[in-house]
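Asks: sequence isn't available, so here's the structure alone:
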Ligand SMILES: *Cc1c(COP(=O)(O)O)cnc(C)c1O
Ligand code: SF4
């Protein structure tokens, strides 16, 4: 390990002469991103081999010393949730104010992770419950989450899948992945497959190619998506070879996770440009994190940087109820305040959708400030982002079309073969003209139980 540290430090020194150890805080501050780096700094394999995985190395690199008690606490934390930071990501930390640094906070363990609140859950999104086989979560009718890897270049301290990532017992093997591919093949309603993990881009090019080829051989799989933090924490992984593999399997979309403008370095920009040039539509899924990005101005700066780099802000996630991340959670009101500061104030396509991934497997629920104030039969009253209150006149004559669900005889001429003919579900069912359901009744209420002998 000592060699590793030395290597790293000599790089961070940018080849200047100086102290042996990494105790000079300026070393990291002046990290050579992006110029003046030796070639191996940009070699993602070198970065992976030299990931910082223990507190001691971290202390040396940042030139800080924790007390023995703190070290003991941190050790316990990383035994539970592993530590891993790429030298690249670490080099972005501002050592002069590391405690408030957004990179440090996302990457460095905190003993608060050992606190488990009574409302927290190890699998808050019930991903394991909605799982027909080891690697698949099938929650929505037409799309699945396919967990193909359980390693990441950097373990985010706020990770929602802390229960699994980095855990040697949950590494999916080829047989498990094949089982997932077979499940998708046997379920023709699946048109969208979302590869996640862990980080799918931590797999080798060949292995990834094998998975993508398997999925592409399934006629009903229309879209493949990859969720990866690699462009943020290990941008050098986006090589021409990797991009060559990905673009063979179009239409392929990629969502990444920039959480703070500081992460949009020249190297990250180069990585996402390669992906965009290969025709891969890029999206971003940020997590709203206390003390990191819970500020409308930071978020606005972030979304502007994203769109400048051809990345469409897709989701802003409310931090979910996973165990050990309570110190990252903001109230929902903070997210709404951020949305209030974005909608109307900036380009529509720069505004992500703020969602709460509902505990228990309810899926993502969008949350919004209210714009619709009130309405009558003739008029709708709305407010805009400036606080202007306006009326919208409803049409006097509207030819209501009664939909019987039969597209072939509809006067709208939607008699396309591919019209969605699946069963209408959920609240949409209550609205459907051709469905007679009038109520959705929650189970297990006293009221329903009292009625049990009688028909509802
Ligand atoms: C987020 C998620 C998806 C994809 O949802 P979109 O809203 O289409 O991005 C699919 N399955 C699961 C289990 C998810 O959590
Ligand atoms: S990259 Fe994703 S899966 Fe990996 S630790 Fe971060 S949030 Fe979790």
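Replies: On my side now, so go ahead. These numbers were taken from a predicted model, which means no experiment stands behind them. Ligands and ions are numbered 1, 2, ... in the order given.
Asks: near ligand 2, which residues of the stretch 51-200 of the chain?
Replies: Contact residues, the stretch 51-200 of the chain versus ligand 2 (CB under 6 Å from any ligand atom): 152, 155, 156, 159, 161, 165, 197, 198, 199. (Glycine included, C-beta is placed from N, CA and C.)
Asks: could I get these in CSV, plus columns for pLDDT, distance to residue 60 and secondary structure?
Replies: Putting those into CSV (pLDDT from 0 to 100; distance: CB to CB, whole Å; DSSP: H, G, I helix; E, B strand; the rest coil) gives the following:
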residue, pLDDT, distance to residue 60, secondary structure
152, 94, 23, coil
155, 95, 20, coil
156, 96, 23, coil
159, 93, 25, coil
161, 85, 30, coil
165, 81, 26, coil
197, 86, 30, coil
198, 90, 28, coil
199, 96, 27, coil
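Asks: neighbour count added to those, as a markdown table?
Replies: A markdown table is the format used below for those (neighbours: other CB atoms under 10 Å):
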| residue | neighbour count |
| --- | --- |
| 152 | 24 |
| 155 | 26 |
| 156 | 23 |
| 159 | 21 |
| 161 | 21 |
| 165 | 22 |
| 197 | 27 |
| 198 | 27 |
| 199 | 26 |
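Asks: how about the helices in the stretch 201-350 of the chain?
Replies: Here the stretch 201-350 of the chain has its helices, by DSSP state H, counting those that start in this stretch, at 205-216, 230-233, 240-247, 266-277, 296-308, 332-342.
Asks: only the buried residues of the longest one, if you could.
Replies: Spelled out, that is helix 296-308. By neighbour count on 16 or more other CB atoms under 10 Å, the buried set for helix 296-308 is 296, 298, 299, 300, 301, 302, 303, 304, 305, 306, 307.
Asks: next: the first one.
Replies: Of the residues in helix 205-216, those buried under the neighbour-count criterion (16+ other CB under 10 Å) are 207, 208, 209, 210, 211, 212, 214, 215.
Asks: hmm, residue 247 and the third one touching each other?
Replies: No - when contacts are counted by CB atoms under 8 Å, residue 209 is not listed as touching residue 247 (11.4 Å).
Asks: so which bits of this protein are right by ligand 1?
Replies: Counting by CB under 6 Å from any ligand atom, the residues of the chain close to ligand 1 are 137, 139, 140, 143, 145, 194, 364.
Asks: please state the offset of the stretch of helix or strand the first one belongs to from the chain centre?
Replies: The reference is to residue 137. According to DSSP states H and E, residue 137 maps onto strand 136-140. The chain centroid and the centroid of strand 136-140 are separated by 16 Å under CA atoms, centre = their mean, to the nearest Å.
Asks: what angle do the following helix or strand past that strand and strand 136-140 make?
Replies: Using DSSP H and E, the next helix or strand after strand 136-140 towards the C-terminus is strand 143-147. Between strand 143-147 and strand 136-140, the angle comes out at 160 degrees (axes from the mean of the first three to the mean of the last three CA atoms, to 10 degrees).
Asks: who does strand 143-147 pair up with?
Replies: Paired strands of strand 143-147, with direction, are strand 136-140 (antiparallel), strand 192-196 (parallel) (DSSP bridges).
Asks: buried set for the last one?
Replies: Put plainly, it is strand 192-196. 193, 194, 195, 196.
Asks: cool, and the first one?
Replies: Residues of strand 136-140 classed as buried under the neighbour-count rule (16+ other CB under 10 Å) are 136, 137, 138, 139, 140.
Asks: okay, those residues in a markdown table with pLDDT next?
Replies: Conversion of the buried residues of strand 136-140 to a markdown table gives the following (pLDDT from 0 to 100):
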| residue | pLDDT |
| --- | --- |
| 136 | 96 |
| 137 | 95 |
| 138 | 95 |
| 139 | 93 |
| 140 | 92 |
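Asks: out of the residues you listed, flag the one nearest to residue 332.
Replies: Nearest to residue 332 among these is residue 139, at 21.6 Å by CB to CB.
Asks: measure the closest one to residue 438 for me?
Replies: Using CB to CB, to the nearest Å, we find residue 139 at a distance of 26 Å from residue 438.
Asks: ok, residue 50 next?
Replies: From residue 50 across to residue 438, the span is 63 Å (CB to CB).
Asks: which one's more surrounded, those two?
Replies: Relative neighbour count places residue 50 above the other of residue 50 and residue 438, with 23 against 6, counting by other CB atoms under 10 Å.
Asks: pretty sure that one is touching residue 88, no?
Replies: No - in this structure, residue 50 is not within contact of residue 88 by CB under 8 Å, at 9.6 Å.
Asks: domains in the chain, as residue ranges please.
Replies: As assigned by automatic domain parsing, the chain contains the domains 5-109, 136-366.
Asks: next, the residue of the stretch 301-450 of the chain found nearest ligand 1: secondary structure please.
Replies: Using CB to the nearest ligand atom, residue 364 is the residue of the stretch 301-450 of the chain that sits closest to ligand 1, at 5.3 Å. Here residue 364 is strand, with the state taken from DSSP: H, G, I helix; E, B strand; the rest coil.
Asks: was I right to think it contacts residue 355?
Replies: Yes - here residue 364 lies in contact with residue 355, judged by CB under 8 Å, at a distance of 4.1 Å.
Asks: overlap in contacts, the two.
Replies: residue 315 (CB atoms under 8 Å, 6 or more residues apart in numbering).
Asks: give me the lowest-pLDDT entry from the buried residues of strand 192-196.
Replies: Ranked by pLDDT, those bottom out at residue 196 (95).
Asks: surely that residue is in contact with residue 147?
Replies: Yes - with contact defined as CB under 8 Å, residue 196 counts as touching residue 147 (5.8 Å).
Asks: from what I can see residue 218 touches residue 182, true?
Replies: No - at 9.7 Å, residue 218 and residue 182 do not qualify as touching, with contact defined as CB under 8 Å.
Asks: point out where the stretch 301-450 of the chain drops to low pLDDT.
Replies: Along the stretch 301-450 of the chain, segments meeting pLDDT under 70 span 414-422.
Asks: show me what stretch 258-268 is in contact with.
Replies: For stretch 258-268, the surrounding residues in contact (CB under 8 Å, 6+ apart) are 33-34, 42, 88, 92, 102-103, 106, 231-232, 235-236, 284, 286-287, 289, 292-293, 298, 301-302, 305-306, 309, 311.
Asks: now the buried residues of strand 136-140 as CSV including distance to residue 343?
Replies: Putting those into CSV (distance: CB to CB, whole Å) gives the following:
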residue, distance to residue 343
136, 35
137, 30
138, 32
139, 27
140, 25
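Asks: and which of those is nearest residue 57?
Replies: Among these, residue 137 lies closest to residue 57 (CB to CB), at 35.2 Å.
Asks: which ones are touching the closest one?
Replies: Residues near residue 137 by CB under 8 Å, 6+ apart: 127, 128, 130, 131, 144, 145, 147.
Asks: the second one: neighbouring residues, count only.
Replies: Looking back up the chat, that one is residue 128. For residue 128, the tally of surrounding residues (other CB under 10 Å) stands at 13.
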